[in-house]
Every structure is written in structure tokens, then in C-alpha cells.
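1. only geometry, no sequence info:
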């Protein structure tokens, strides 16, 4: 990864894009941290995001992990490009219990077209953290395409 | 996969378990089909489940795919056991556009402890289907554990 | 996938490239079939490719599966480009026993830059086939780069 | 992961098992380091393990990574059990160039049945290291089965 951001405006563009994701609001996800190549997304463990055992649904864990990695990668991309998830793989390590779930994405490798990210998901309860899931993800930078739907 | 279901009551147990997943209701997911070793889950492409480009969020696609595979596997498990997702890997093939998204899970291999499933996700518009994503997933059957949270 | 090959010379280029892979000769791999978007690679189950239980080593299974998918993708790429494996994920379904192991790669989706392939690996003994592993793989077409090392 | 090895004899059992893998000898792999929950495997970049561009074949990289993770997991398992690879996913980050390739596996999570490992592969040239690939892997401990083929 380059030390200098390719887009000095990276934080604003990540926050703007996140704000346009209806799905993130639907599951109550918050953008907890945006740095160059690192993004953290959090949710509270509420009934609306649970599975049948009372833990946060693995799909919701995957959702915030996918977005945390995707925005970590997007923060390193040049202005005027958008980001697509090519694929990801996720291992579930412990139930997503606890009051809060945080997904922390970081860039592992940036190429001209592809960016590889890793995401660690932890459950947080009373200041104690426990590993919950880990993701390996491939993103693509798509140049000349704005990061927004047609008006 | 065995031809005979290990649990003759498999359809009811899948439907009961799905009904207890708050997260599925939150994204508007429906159980479209339950067969032995095959489950289909659908959602409508509504603003509440979209990302910043106006397509269904990849995380939501992952959510219904994870559940479709998980319940396909669960349908083959003996009574008195529950299902956990060990891991999955997902490739996104085309944007989740169209009016409706359907995730079709099927069992690839059942072992004593582990079940491997494949899930195809398609977008459906005006009766026309287009591949959207494909998932390869590993599940674990956990014996002696009811498929429900403590009351 | 396009019905017409982007490179009418696809079979010769796949066979030439395969012949230059020292690693394939080292494990005794053969190119059993080359079609547009489909490639099959075989090995015999000999001591030189086994692991500690007497089956073919999972890494060797991965090797021929990676190549079968890679060449299936390469067969659909235009002249003057080469192929790189971006990533793959593999599930092992049954031990790689039997006299012969065959990896059958096929293209799932072709894009301008990326190609997604699926590979099924079977063990073959006395005319009977058994699923051995399944792979999901992402490839990249690299234009303007010959498929050979500098002389 | 437990701090105390479940098998005090873990190093000898890993070395014995490795020595029985014909496939490792075939590609010239060496066991460079065995610790509790961490194993490193190395190969030299020789023509016999190369692909058509002159780099080490991705399949061989996968082979030593699979084994490094597998033995890292095996080192934490109790006596009298053996290890199976359930699945893995691998991202290729940079060409496997350089004089030597090292795969470093480490345990991420141990459960009663399943162990999750991560493996980093680097290429080494003149004392300089470069990331080459990264793997996320799921293993299964199989109890009551010796780690050797029938005599």
C-alpha cells in the first residue's frame, strides 16, 4: 500500500458512500473509524439482526465485514473510481454474542486493478473483546465510474 | 447425500427456525422453497437493502445465500441437532439488479459432522434470470443442541 | 461466456503453456482435454504425489485443480494476453484415493478483466468416479504480456 | 489456542508425518520450523516447481501453504488423532519469484473438532522478504485414527 493516500479526500468520500447504503441503515450499522487503508464498522446486537439462537446473524456479520473491507480498499483508490467486491471468504470463529459487534477492515495488498483486504470481526461486551470472524476479500477498482447511482 | 431425510419433519423444522431469525425479517427475506437438501430464499430489491449504486447490497446477497445454504444443509440433519456455518466463500458475478433476488442452496456433500453446500444467487426481472453470485459453504451439525435460544 | 472463442488458436496456446510448466511434469500431470472454456487435467495416484495417509496430497489436488481452472479461463482469453490466478477456494469432499485423479475446470463467468471458474475433482477407479474436491477460482486476464518467460 | 500443547510430543509427530509425505519430497519442500501452533515450510525456486512464466507454480505455493497450516494445526491436536484439511482459500499477492519460498502457518482458533489457521507465504531473495500469498484454512481433528497409512 502507498503511504500517501491516492485521494486526499478519502475520508469524506467513504463517509458519503456509506451514508448512501440503505442496507447499512437497515441493520443499524455505524462507521466507527475511517483511516487510510483501515475502516471499522459497528452494530449493536439487537433482535432485528439476530438468527435463531439469539446471536447476531452470520449474514449480518458478513455484511458489515464486507463493507469494512470494501471501504478500507476504497479509501486507497484514486478519485473518480468506485469499488466492487469481487469475492470474499469468511470463517466464523465464535458466536456473535456480546452487546456490540465491530468489523475492522485493512488493506493487505493494492494493485493497479485489484485490492486484497483482511477483516477481523470481534464481539465486544463490557470492554472485553472476543474474535468472532475473519474475512479475506478481493476488491476491484473501477475507474471512470462515480460511486453513486444515476440521479 | 442420503435419499431418505434423516428427519422426516425437516420442512417444519426449517420453517420454524427461519421464522425465528429476526435478521431475515429485517431484510424482507422469504422462504420460497424447502425440499430435502434444497432451500430457496428470496428478497425484493427495495431501497432498504441497497448499496450506494442502487443494487442490492452484497452483504444482503451474502446473508440470504448463507441462510439458503445453511437451511439446505439443516434439512438433511437428524432431529435434535442444530446447524452452524463454519465458513463460506462467495463470488459476485453480476450486479444484484432486477426486481427480485433468489438464493438457491443445495447440499453437495454430507458427512457425519460437516456438510458442504453450494448456493447460486440469481436476479429475476420480468421472468428473466441472470446469475448474480455463487457461494461454496461449509456447515457443521451440532448434536444435542436445540435449534432455538433458551426461553 | 461468448460462444465463439476470442482466440481461434486457443487449444494450441493452452497446450504450449502447459508444456512449459515444469511443476506439472514434476507431479506427472497430463492435459486430458482442452475445449473452449473447459479443461481437464489428470494424474496417476503414485507414491511421489501422496501424503502421509497414502492418498494423493491435497496440495497436488489443488495444483491440478488450479491449473485446470486457469487453463479453462485462458482458453477464453484473446490472443496476446496471459492468465494469472487471483485467488481460489477449495473444499475437500472425499480422500483422493483411486488409481487416477481428474480435475475438470469450466468457466462460470467471463468479464473484461476477470474470469470466474469452477473446478470439480474426481477420483477414478475401475471406471467408477467419486467426487474428491470442488474449487471456486478467480482469474485475471493480463493483456499485452506473452504467456512465456523471457528467453 | 491453549498455551500448553495437548501433545507434549508434538514436534516429533509433525516431523514424522512430514517425512511420510512423498509429495513434499517431490517438490523439494523442507520443514524449516516446528513450534506449538506454528509451522514453516520452505522450497527453493527450481525449474521443477515452476509455471510457464518462470515463477514457482501457484499450485506448489498452495501445496506448501496447505501443509504449513495443516501441521500448525496438527501440532495443537491431542495424541492419537490425525488432521484433515476441510477447505482453504488462498489469495496470490505477488509472483513467487526469488530464490526461496517460505510458507508460515499459524493457528487462529482451535475448537473441539475444527481448527482455523492462517498462512503467510513470502518469497525470499538476498535476505529480503516479499509477501507472495495468504491463506485461510479449516482443518478437522480426527480422533482415534493414526496419522499413517496401514502397513
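-> Done, it's in. Note that the structure is predicted; figures quoted are calculated from it, not measured. Residues are numbered from 1 along each chain as shown, chains lettered A, B, ... in the order given.
2. Pretty sure residue A:50 sits against residue B:26.
-> No. Counting by CB atoms under 8 Å, residue B:26 is not a contact partner of residue A:50; they are 9.2 Å apart. For glycine as for every other residue, the C-beta is placed from the backbone atoms N, C-alpha and C.
3. State the number of residues packed around residue A:111.
-> When neighbours are counted by other CB atoms under 10 Å in any protein chain shown, residue A:111 registers 13.
4. can you tell me how far it sits from chain D?
-> Residue A:111 is 9 Å from chain D, where distance means CB to the nearest CB, to the nearest Å.
5. what do you get for residue A:51?
-> 19 Å.
6. same deal with residue A:106?
-> Distance from residue A:106 to chain D, counting by CB to the nearest CB: 12 Å.
7. On the three-state scheme, that residue is what?
-> strand (DSSP: H, G, I helix; E, B strand; the rest coil).
8. That one reaches residue A:35, doesn't it?
-> No. Judged on CB under 8 Å, residue A:106 makes no contact with residue A:35 at a distance of 9.1 Å.
9. who's more crowded, those two?
-> Taking neighbours as other CB under 10 Å, residue A:106 and residue A:35 compare with residue A:106 leading, 18 against 14.
10. who's in contact with the more buried one?
-> Residue A:106 is in contact with A:37-38, A:72, A:117-119, counting by CB atoms under 8 Å, 6 or more residues apart in numbering or on different chains.
11. closest to chain B among the residues you listed?
-> When the contacts of residue A:106 are compared for distance to chain B (CB to the nearest CB), residue A:119 wins out at 11.7 Å.
12. what's the neighbour count on the closest one?
-> Using other CB under 10 Å, residue A:119 is surrounded by 28 other residues.
13. Is it in contact with residue A:103, as I believe?
-> Yes. Counting by CB under 8 Å, residue A:119 touches residue A:103, with 5.6 Å between them.
14. Touching both of the two, which residues are there?
-> Any residue near both residue A:119 and residue A:103 by CB under 8 Å, 6+ apart counts here, and that gives A:65, A:68-69.
15. Can you tell me which of those residues is closest to residue B:43?
-> Among the shared contacts of residue A:119 and residue A:103, residue A:65 lies closest to residue B:43 (CB to CB), at 19.6 Å.
16. check whether the helix or strand where the closest one lies contacts chain B.
-> Here residue A:65, judged by DSSP states H and E, is contained in helix A:58-74. Yes. Judged by CB under 8 Å from any CB of the partner chain, helix A:58-74 comes into contact with chain B at A:58-60, A:62-67, A:70.
17. Run through the residues of chain A sitting next to chain C.
-> Counting by CB under 8 Å from any CB, chain A comes close to chain C at A:86-87, A:89, A:113-114, A:136, A:138, A:140.
18. rerun at 7 Å
-> A:86-87, A:89, A:113-114, A:138 (CB under 7 Å from any CB of the partner chain).
19. check those against chain B, which are close?
-> When contact is defined as CB under 7 Å from any CB, the residues of chain A next to chain C meet chain B at A:86-87, A:89.
20. follow-up on the earlier one: closest to residue B:30 out of the residues of helix A:58-74 next to chain B?
-> When these are compared for distance to residue B:30 (CB to CB), residue A:59 wins out at 14.7 Å.
21. What about the contacts of residue A:106, which are in helices?
-> Using DSSP state H, the subset of the contacts of residue A:106 located in helices is residue A:72.
22. Please produce a markdown table containing the contacts of residue A:106, extended by pLDDT.
-> Converted to a markdown table, those look like this (pLDDT from 0 to 100):
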| residue | pLDDT |
| --- | --- |
| A:37 | 98 |
| A:38 | 98 |
| A:72 | 98 |
| A:117 | 98 |
| A:118 | 98 |
| A:119 | 98 |
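23. could you pick out which of the contacts of residue A:106 are near chain D?
-> Counting by CB under 7 Å from any CB, no member of the contacts of residue A:106 reaches chain D.
24. just curious, which of the contacts of residue A:106 is nearest to residue A:16?
-> Nearest to residue A:16 among the contacts of residue A:106, counting by CB to CB, is residue A:72 at 16.0 Å.
25. give me every residue that touches that closest one.
-> A:37-39, A:105-107, A:117 (CB atoms under 7 Å, 6 or more residues apart in numbering or on different chains).
26. Chain A: strands as residue ranges?
-> Remark: strands assigned in chain A by DSSP state E are A:30-35, A:38-44, A:81-92, A:100-110, A:114-125, A:128-143.
27. tell me which of the residues of chain A next to chain C is nearest to residue D:46?
-> Taking CB to CB as the measure, residue A:114 is the one of those closest to residue D:46, at 28.8 Å.
28. and that closest one, what are its bridge partners?
-> Counting by DSSP bridges, residue A:114 is bridged to residue A:140.
29. List the contacts of it.
-> Counted by CB under 7 Å, 6+ apart, residue A:114 has contacts A:138-140, C:86.
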